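**Q** Sequence first, predicted coordinates after that:
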Amino acid sequence: MISSITWTFTGRYFRLSSLFPQNVEMRRLLPVKRVIKQEVDKVEHTAVKVMNLKMYIDGEWKETSEKRPTINPATGEIIGYAAEGNERHVEKAVAAARQAFESGVWSELSAAERATYLFKIADKLEESKEEIAKLETLDNGKTYREAEADVEDAAACFRYYAGLITKPDGQTYNVAAPMQAMVVREPIGVCGLIVPWNYPLLMSVWKMAPALAAGNTIVFKPSEVTPVTPTKLFEILEEVSLPKGVVNLVMGKGDVVGEALVRHKQVDKISFTGGTVTGKRIMRAAAENVTNVSLELGGKSPNVIFADADFDTAVDYALFGIYAGTGQICAAGSRILVEEEIYEKFIEKFVERAQKIKVGPGNNPESEMGPLVSQEHMEKVLTYIEVGKQEGAKLVCGGKKLTEDSLKKGFFVEPTVFADVKPDMRIVQEEIFGPVVTVQKFKGEKEAIKLANDTAYGLAGSVFTNDGAKALRVIKKIRAGITWVNTYHFTFNEAPWGGYKQSGIGRGLGTFGLEEFQEVKQININLDVTPIGWFEN
Ligand code: NDP
């Protein structure tokens, strides 16, 4: 629940007033009144009462004595306080989800009835698009344009699964008479969903929509860095009157609340999106109860550009591939591989355009790239930039935190380019998750493929060429789950999302994403009800 928020932005950029009129309760616990001085041209002032974010367990909003601040990464200002849960909250949430699952209030509804709820959720997301997008921009830092697209995608994802779940499923087999064999799909049970901070709303929905469509009940944990839009999503789930206990929101530290969820005996499935290091830890913890796990993890994806590609298109998509979302996208094209004939020309043009990217607060419509999500993450990215320099890579653009007056309190880092890198450098091998790209030179298809596959990751990859057969030859050799030809980042609810190698296990989205939340049961029916006579006596 988000209460006590009255954002009154004045100025020409946007006006957010009387958000959440249904939640006008004023917080006594946190009577923080702040004046956030918007550093954006023409935006004069903002009076803010911070948001109070609660957990949602068994159909009720739960306050906690401990709270954690959530920060606007464009200004460094506190915009809210989120509940800080612990193992006891996880216990209650899992018990509620288990009870709801066993009772059949959700799992035994017809698929069409569950779909009706999902369609309503989609409608409500769309009705609140502007409000949610603004909240996402404030909490995560992404530009309003990016946040708005996330809300649209989230609504579309609910609609996709609402439609899919009512379509035929299951199979029958022609086996030896008098048997009839069939396979049915069933919900797994209680699902623990754990998501990161880079797409706080959309990642939640990518998991929630198929999990609910399949008839599961859920306990959901957002990243502690970005709890705002997941909380808003739960307000919507409450508004559509999902049966009590079907959806539960717990908040708190990953290694406390997340870990308790993963280790819980009554949790049948863990669906996790986040870093590879955390993914490994989750896999080990889930092994204790042999809990079913899906992992969508990190990436270091290659963007392979051949000399015969349309040059301007390749440069354009290469920029989009790395700097969209401030490079905080798991599938970001963070390793650009360029064929030697156009290597110098490519770097020159790429750098020229990277330097012109307008970096600024997401709520400024002129901003093309927002801040990094947190101070901690910004420091990690800046450390990687230092590592790159020490490793001997050539810094050809960017590399610094932005210090101009209007941005200095935020977590802004320049679009950064390293050239002349070597394959074994840390900046080439490790996920930086920021606006930092490496550019490598290759000669011919064979070397392009070798370099493209030369990391522990295998999430995504792209090829730019005007030779169709070459495009397919190379793509087929790239060991990654999501690939593109002459484009980057586009993905659809219909198509599977996930990685090879250390980028994960399982697939989200599409029919594959639904199957991740279903058990498969074989049913054999004897059509001749007579004894088998196996034993003579
Ligand atoms: P983390 O792995 O740090 O955290 C992800 C989530 O896991 C958070 O909710 C976190 O909680 C929780 N968590 C942390 N430790 C544990 C634990 N021991 N047990 C259970 N849960 C835990 O990732 P980030 O939030 O830093 O997100 C960035 C990463 O996510 C990048 O590596 C990126 O590539 C990846 N990602 C992958 C995507 C994909 O589709 N493959 C999509 C988006 C991002 P808390 O916030 O409290 O730490």
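**A** Yep, it's here. Numbering: from 1, shown residues only.
**Q** how about the closest residue to Ile121 other than its chain neighbours, secondary structure?
**A** In space, and not counting its chain neighbours, Ile121 is closest to Phe158: 5.0 Å by Cβ to Cβ, 6 or more residues apart in numbering. Using the backbone N, CA and C atoms, a C-beta is placed for each residue, glycine as well. Classification of Phe158 by DSSP: H, G, I helix; E, B strand; the rest coil places it in helix.
**Q** Quick one: the strands in the stretch 51-200 of the chain, in order.
**A** Using DSSP state E, counting those that start in this stretch, the strands of the stretch 51-200 of the chain run over 51-53, 55-57, 60-62, 67-72, 77-83, 171-173, 179-187, 190-194.
**Q** so which of those strands gets nearest the ligand?
**A** strand 190-194 (4.7 Å; Cβ to the nearest ligand atom).
**Q** Which residues outside stretch 223-230 are in contact with it?
**A** Under the contact criterion Cβ atoms under 8 Å, 6 or more residues apart in numbering, stretch 223-230 has outside partners 2, 51, 53, 68, 70, 79-80, 82, 132, 135-136, 138-140, 195-197, 200-201, 204, 220, 222, 249, 251-254, 274, 373-374.
**Q** can you map out the helices along the stretch 201-350 of the chain?
**A** 228-239, 259-263, 276-287, 311-323, 343-354 (DSSP state H, counting those that start in this stretch).
**Q** closest to Glu366 out of those?
**A** Glu366 sits nearest to helix 311-323 of all the helices of the stretch 201-350 of the chain, at 15.5 Å, using Cβ to Cβ.
**Q** Packing partners of the closest one?
**A** Counting contacts by 3 or more Cβ pairs under 8 Å, 6 or more residues apart in numbering; DSSP states H and E, helix 311-323 is packed against strand 302-305, strand 335-339, helix 343-354, strand 436-442, strand 460-464.
**Q** Could you tell me the angle between the longest one and strand 436-442?
**A** This means helix 343-354. 160 degrees (axes from the mean of the first three to the mean of the last three Cα atoms, to 10 degrees).
**Q** Give me the angle between helix 343-354 and strand 335-339.
**A** Using the same axes, to 10 degrees, helix 343-354 lies at 140 degrees relative to strand 335-339.
**Q** Same check on the fourth one?
**A** Counting by the same axes, to 10 degrees, strand 436-442 points 30 degrees away from the direction of strand 335-339.
**Q** Export strand 436-442 to PDB, keeping only CA atoms.
**A** Extracted C-alpha coordinates of strand 436-442, given in PDB (Å, rounded to 0.1, in the frame of the first residue of the first chain):
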ATOM      1  CA  VAL A 436      29.800   1.200 -20.400                       C
ATOM      2  CA  VAL A 437      30.500  -0.600 -23.700                       C
ATOM      3  CA  THR A 438      33.600  -2.400 -25.000                       C
ATOM      4  CA  VAL A 439      34.500  -2.400 -28.700                       C
ATOM      5  CA  GLN A 440      36.500  -5.300 -30.200                       C
ATOM      6  CA  LYS A 441      37.900  -5.800 -33.600                       C
ATOM      7  CA  PHE A 442      37.400  -9.100 -35.500                       C
END
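**Q** what's the neighbour count on Ile78?
**A** 17 (other Cβ atoms under 10 Å).
**Q** pretty sure it contacts Pro69?
**A** Yes: contact criterion Cβ atoms under 8 Å: Ile78 and Pro69 qualify, at 4.5 Å.
**Q** Enumerate every residue touching the spatially most central residue of the chain.
**A** With distances taken as Cα atoms, centre = their mean, the residue of the chain nearest its centroid is Met203 (3.4 Å). Met203 makes contacts with Val195, Pro196, Thr273, as judged by Cβ under 8 Å, 6+ apart.
**Q** Phi and psi next, for the first one.
**A** Summarising the backbone geometry of Val195 under the convention degrees, to the nearest 10, its torsions are phi -130, psi 160.
**Q** How about it: what's its closest non-neighbour residue?
**A** In space, Val195 is closest to Met203, 4.1 Å off (Cβ to Cβ, 6+ apart).
**Q** how near is the one you found to the ligand?
**A** Going from Met203 to the ligand by Cβ to the nearest ligand atom, to the nearest Å gives 6 Å.
**Q** what's the answer for Arg426, then?
**A** 15 Å.
**Q** wait, that residue sits on Lys389?
**A** No: with contact defined as Cβ under 8 Å, Arg426 does not reach Lys389; the gap is 11.5 Å.
**Q** Distance of Gly498 relative to Gly508?
**A** Using Cβ to Cβ, to the nearest Å, Gly498 is found at 6 Å from Gly508.
**Q** tell me, what's touching these two both at once?
**A** Common neighbours of Gly498 and Gly508 (Cβ under 8 Å, 6+ apart) are Ser294, Glu296.
**Q** show me the contacts for Ser271.
**A** Cys191, Gly192, Leu193, Ile194, Lys207, Ala211, Val293, Ser294, Gly506, Gly508, Glu516, Phe517.
**Q** and the residues you listed near the ligand, which?
**A** Contacts with the ligand within the contacts of Ser271, as defined by Cβ under 6 Å from any ligand atom: Ile194.
**Q** quick one: which of the contacts of Ser271 is most hemmed in?
**A** Going by other Cβ under 10 Å, Gly192 tops those with 33 neighbours.
**Q** shouldn't it be in contact with Leu261?
**A** Yes: checked against Cβ under 8 Å, the pair Gly192 and Leu261 is within contact range at 4.2 Å.
**Q** for stretch 70-82, what is the average pLDDT?
**A** Per-residue pLDDT values over stretch 70-82 give a mean of 97.
**Q** Can you say which helix or strand has Gln522 in it?
**A** Secondary structure from DSSP states H and E places Gln522 in strand 518-526.
**Q** and Gln99, how many residues sit next to it?
**A** 16.
**Q** quick one: contacts of stretch 147-156?
**A** 122-123, 125-126, 128-130, 132-134, 136-137, 140, 142, 199, 201-202, 204-205, 233, 362, 493.
**Q** next one: stretch 104-122
**A** 100-101, 155-156, 158-159, 161-163, 165-166, 186-187, 209, 212-213, 215-217, 236-237, 240, 242-246.
**Q** Write a ChimeraX command that selects only the buried members of those.
**A** Restricted to buried positions by 16 or more other Cβ atoms under 10 Å, the ChimeraX selection for the contacts of stretch 104-122 reads:
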select :100,101,155,156,158,159,161,162,165,187,209,212,213,215,216,217,236,237,242,244,245,246
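**Q** give the contact list for Lys300.
**A** By Cβ under 8 Å, 6+ apart, the neighbours of Lys300 are Ser334, Arg335, Val428, Gln429, Glu430, Glu431, Thr455, Ala456, Tyr457, Leu459.
**Q** Would you point out the most distant pair within these?
**A** Taking Cβ to Cβ, no two of the contacts of Lys300 sit farther apart than Val428 and Leu459, at 15.4 Å.
**Q** The stretch 151-300 of the chain against the ligand: which residues are in contact?
**A** 194-198, 203, 221, 223-225, 253-255, 258-259, 262, 273-275, 278, 281-282, 296-299.
**Q** Would you show me how to pick out the buried ones of those residues in PyMOL?
**A** A single PyMOL command selects the buried members of those (16+ other Cβ under 10 Å):
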select buried, resi 194+195+196+197+198+203+221+223+224+225+254+258+259+262+273+274+275+278+281+282+296+297+298+299
